[in-house]
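K.L.:
Predicted model and sequence follow; I will ask about them next.
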Amino acid sequence: MPKINGNEIRPGNILEHDGHLWSAVKVDHVKPGKGGAFAQVEMRNLRNGSKLNERFRSADKVERVRLDQKDQQFLYETDGKLVFMDLESYEQIEIDSELLGERRAFLQDGMMVKIEYYDDEALNATVPQKVTCKIVETEPVVKGQTAANSFKPAVLDNGVRVMVPPFVGQDEDIVVNTETMEYAERA
C-alpha cells in the first residue's frame, strides 16, 4: 500500500492507522506561530463508526488504502441484513443495514448500490445520489403563495420528511438528493 505524508491527507481518504481502517472526514492544516505545521485530521473508524482526532506532521508517513468498488443490486432485507447480488458472478452477500445509516430509507428493490470492499470485507455502501420518490402527504396548494423561498413539509412513500416547493402536490413523483436529504426536482 502506498505511504503518503501527513500533509497530503484529504477528506475521503481511507487510512490505516494503529491497526484500524479510518476514513478522513475533516482535515485542517494548521501553521502555528511556533513549531512546525501539521494537519489536524478528524477520522471515522470504518468498522465500528468511532471517531478520532489525530495530528499528523508533514514528516509523518501514513498508509493510504484503496478500496475496491463494486456495483451490486439490492434484493431484499432480512433480520437487519441487506442482501445484494453481484451481477457478474451472481454471488449474493449480506451486509448490516446500519452501513447505510439514514440513507437506508431510499433503498428500493432492484436498485444498484456501490459497495466498497477491503479484501473481502464490505466496509461502505452508497445509494445513488438522486432517487425518485412519491409524495404521500403534503399540504394543498395555496393560490397566490409564490414567494421564491417558501417551502412546505411533505412525507414521502418511504417515510422520510422533506421540504418541497408549494407547487408540488400529493401523489406526485419527485427526485430527492440522498446526500443532502432535500428536494431536487420534479420527476
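P.N.:
It's in. Residues are numbered from 1 along each chain as shown.

K.L.:
for the helix or strand of the chain with the lowest mean pLDDT, which positions count as buried?
P.N.:
For the chain, the helix or strand with the lowest mean confidence is strand 121-126, at a mean of 84 (criterion: mean pLDDT, DSSP states H and E). Judged by neighbour count (16 or more other C-beta atoms under 10 Å), strand 121-126 contains these buried residues: Ala122, Leu123, Asn124, Ala125. The C-beta positions use only the backbone N, C-alpha and C, and glycine is treated the same way.

K.L.:
Partner strands of it, with direction?
P.N.:
In the sheet, strand 121-126 lines up against strand 112-118 (antiparallel) (DSSP bridges).

K.L.:
Can you tell me the centre-most residue of this structure?
P.N.:
Closest to where the C-alpha atoms of the chain average out (C-alpha atoms, centre = their mean) is Thr126, at 5.5 Å.

K.L.:
ok, now which ones touch the residue nearest to that residue when sequence neighbours are not counted?
P.N.:
When the adjacent residues along the chain are set aside, Thr126 lies closest to Lys114, with 4.5 Å between them (C-beta to C-beta, 6 or more residues apart in numbering). Counting by C-beta atoms under 8 Å, 6 or more residues apart in numbering, Lys114 touches Gln69, Lys70, Asp71, Gln72, Ala125, Thr126.

K.L.:
burial count for Lys31?
P.N.:
Lys31: 8 surrounding residues under other C-beta atoms under 10 Å.

K.L.:
Gly80 is in contact with Ser97, isn't it?
P.N.:
Yes. With contacts defined as C-beta atoms under 8 Å, Gly80 counts as touching Ser97 at a distance of 5.3 Å.

K.L.:
So for these two, which residue has more residues nearby?
P.N.:
Neighbours per residue (other C-beta under 10 Å) separate Gly80 from Ser97, with Ser97 holding more: 16 against 9.

K.L.:
how near is the more buried one to Gln73?
P.N.:
Using C-beta to C-beta, to the nearest Å, we find Ser97 at a distance of 16 Å from Gln73.

K.L.:
Any stretches of the chain with poor pLDDT?
P.N.:
Residue ranges of the chain with pLDDT under 70: 1, 142-148.

K.L.:
so who does the residue nearest to the centre of the chain touch?
P.N.:
By C-beta under 8 Å, 6+ apart, the residues touching Thr126 are Arg103, Val113, Lys114, Ile115, Glu116.

K.L.:
swap in Thr132?
P.N.:
Listed by C-beta under 8 Å, 6+ apart, the contact set of Thr132 reads Asp173, Ile174, Val175, Val176, Ala187.
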